[in-house]
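Asks: for reference, the sequence and a predicted model appear below.
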There are 2 protein chains.
Amino acid sequence: MSATTTPVDNGVDVAFLLGAREALTAEPAGAQFKWRVTNTWVHGTHSQTTVDGFFGLGDEQDTARAFKFDADHPELFSAENKGATPVEIVLVGLASCITGGLAAVAQNREIQLRSVSATVEGDMDVRGILGIDSDVRNGFGNIKVTYKIDADASPEDIEALVAQSQKRSAVYDLITNPTNVTVEVA
Amino acid sequence: MSATTTPVDNGVDVAFLLGAREALTAEPAGAQFKWRVTNTWVHGTHSQTTVDGFFGLGDEQDTARAFKFDADHPELFSAENKGATPVEIVLVGLASCITGGLAAVAQNREIQLRSVSATVEGDMDVRGILGIDSDVRNGFGNIKVTYKIDADASPEDIEALVAQSQKRSAVYDLITNPTNVTVEVA
C-alpha cells in the first residue's frame, strides 16, 4: 500500500454500528424501538406531519428533532398540490432507506462510494382508490428501483452492495411483506 | 333547513372525483399511473429525494412540481440527523394518506370536519436491521394509527368515515399487503 492511500470514508460510523450490534445482542430489550409521527389535517387533502422523538434503548431519544412534511394531492386531481402525494412519500422512504444502507455496507466492505443515485417508479392503477373495480388493489402494482453507482469497486461488488442493503432494508421489508396496521378513533 | 345553514366544505372537489370515477370506468387505460422519485446520496446515511412529475391519463403530468426530502439516521445511531429516518417517512405517508382520504369521504357524506389529527406509532425490533437475529424482521412489527376528530357527526359516523378512508387508502394497502419491488443497478 502506498503512503498516499486515502482511507475509505463514506461518512458512516461502522465501528459504532458494530458496537451496537454487540451491545443489543447482549441486551435485546434495548432493541425495541417505537417510531412516531403526528399528523394534522389542514384543508382538503392537504395535511402536515411532524417527526420528532422516538423510543429506543429503553428511553425517549432525540426529542429535539422536528422534521415537517406537507402532503397533498396534485392539481390533476383538482387538489391544491401543497406537497407530494402520500404514495410518493412512501417511495421517498424506500429510496432513502436503501441508499443509506448502501453507504453503511460500502463502509463496512471498505468500498469508497463516489456517487449514488436512484430512480424509483411505482405503477398504480387508480381504479382501486377510486372504487371503480374491487379487484384492483389501492396500492402499487410493482415498484422498480434503479441505481447508478460510481464506486471504487467492480460491477460485481457493486451489485453485491446493493443486494446486501436491500436485504437489510426496513422499508424494503415493510413494502414487500405484510405488516399489521390498526386504525382507531380515540 | 334554516337559511343560515352553511354548505359542508372540507376543501375536496368531490364532483371532480366522481367525474373521474365515471371517466376512468369508461377508459381504464387512463387509470394506469406511474409515480416516480429521484434519490441522490449526500454523505453517510444522508440522502436527498426529489418528487416532481408523474405519468397518468396517458401522459406526463404536473411536471412543474419539485418537492425535496432529506433523509438520514438520528444522532443516536452516530449519524448526522439531516432528516427524518426512512421508516418515519413511510409513517408520514400512511398518516397523510388516511387523513386526505378522510376529508374526501367526509365531503362526499356531507360531514363538516372541524379538526383532524392522528398519531402513528410503529414498533420495530432493530435487531433485524442490525443483522443480530435472522428471525427478527427488518420492518415494523405493528403500526398503530390513532385519530382525534372533531366533526359535525355522531361518533358512529366518525368511526365509519375512518373505516372508509382506511379501506380506500393506497398506503394502508401497500403496508398491509405484499408488493413486488425490483432493485437493479443500471
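Replies: Received it, and whenever you're ready, just let me know what you need.
Asks: if I read this right, A:N39 contacts B:L102, doesn't it?
Replies: No: using Cβ atoms under 8 Å, A:N39 makes no contact with B:L102, being 10.5 Å away. (C-beta placed from N, C-alpha, C; glycine too.)
Asks: which of those two has more residues huddled nearby?
Replies: Ranked by neighbour count (other Cβ atoms under 10 Å in any protein chain shown), A:N39 and B:L102 place B:L102 first, with 29 against 26.
Asks: now the strand or helix carrying that one: mean pLDDT?
Replies: According to DSSP states H and E, B:L102 maps onto helix B:86-108. For helix B:86-108, the mean pLDDT works out to 98.
Asks: can you dump the C-alpha coordinates of that helix into PDB?
Replies: Output in PDB follows, covering the C-alpha atoms of helix B:86-108 (Å, rounded to 0.1, in the frame of the first residue of the first chain):
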ATOM      1  CA  PRO B  86     -36.700   6.400   6.100                       C
ATOM      2  CA  VAL B  87     -39.100   4.400   8.300                       C
ATOM      3  CA  GLU B  88     -40.500   7.600   9.800                       C
ATOM      4  CA  ILE B  89     -41.100   8.900   6.300                       C
ATOM      5  CA  VAL B  90     -43.200   5.900   5.500                       C
ATOM      6  CA  LEU B  91     -45.300   6.600   8.600                       C
ATOM      7  CA  VAL B  92     -45.700  10.200   7.200                       C
ATOM      8  CA  GLY B  93     -47.100   8.700   4.000                       C
ATOM      9  CA  LEU B  94     -49.500   6.500   5.900                       C
ATOM     10  CA  ALA B  95     -50.900   9.200   8.100                       C
ATOM     11  CA  SER B  96     -51.300  11.700   5.300                       C
ATOM     12  CA  CYS B  97     -53.000   9.100   3.000                       C
ATOM     13  CA  ILE B  98     -55.700   8.300   5.500                       C
ATOM     14  CA  THR B  99     -56.200  11.900   6.500                       C
ATOM     15  CA  GLY B 100     -56.500  13.100   2.900                       C
ATOM     16  CA  GLY B 101     -59.000  10.300   2.300                       C
ATOM     17  CA  LEU B 102     -61.000  11.300   5.400                       C
ATOM     18  CA  ALA B 103     -61.600  14.800   4.100                       C
ATOM     19  CA  ALA B 104     -62.700  13.400   0.700                       C
ATOM     20  CA  VAL B 105     -65.100  10.800   2.300                       C
ATOM     21  CA  ALA B 106     -66.400  13.400   4.700                       C
ATOM     22  CA  GLN B 107     -67.200  15.800   1.800                       C
ATOM     23  CA  ASN B 108     -69.000  13.000  -0.100                       C
END
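Asks: mind listing the helices for chain A?
Replies: Assigned by DSSP state H, chain A shows helices spanning A:14-26, A:86-108, A:155-168, A:170-176.
Asks: okay, the ones you listed, which one's buried deepest?
Replies: Among the helices of chain A, helix A:86-108 has the highest mean neighbour count (mean count of other Cβ atoms under 10 Å in any protein chain shown), at a mean of 28.
Asks: centre of the chain to it, how far?
Replies: 4 Å (Cα atoms, centre = their mean, to the nearest Å).
Asks: that helix to helix B:86-108, inter-axis angle?
Replies: In terms of direction (axes from the mean of the first three to the mean of the last three Cα atoms, to 10 degrees), helix A:86-108 departs from helix B:86-108 by 180 degrees.
Asks: between helix A:86-108 and helix A:14-26, how many degrees?
Replies: 100 degrees.
Asks: which stretches of chain A aren't confidently modelled?
Replies: A:1-4 (pLDDT under 70).
Asks: 90 instead?
Replies: For chain A, the stretches with pLDDT under 90 are A:1-6, A:62-64.
Asks: run through the residues that contact A:F55.
Replies: Contact analysis of A:F55 by Cβ atoms under 8 Å, 6 or more residues apart in numbering or on different chains lists A:33-34, A:36, A:61.
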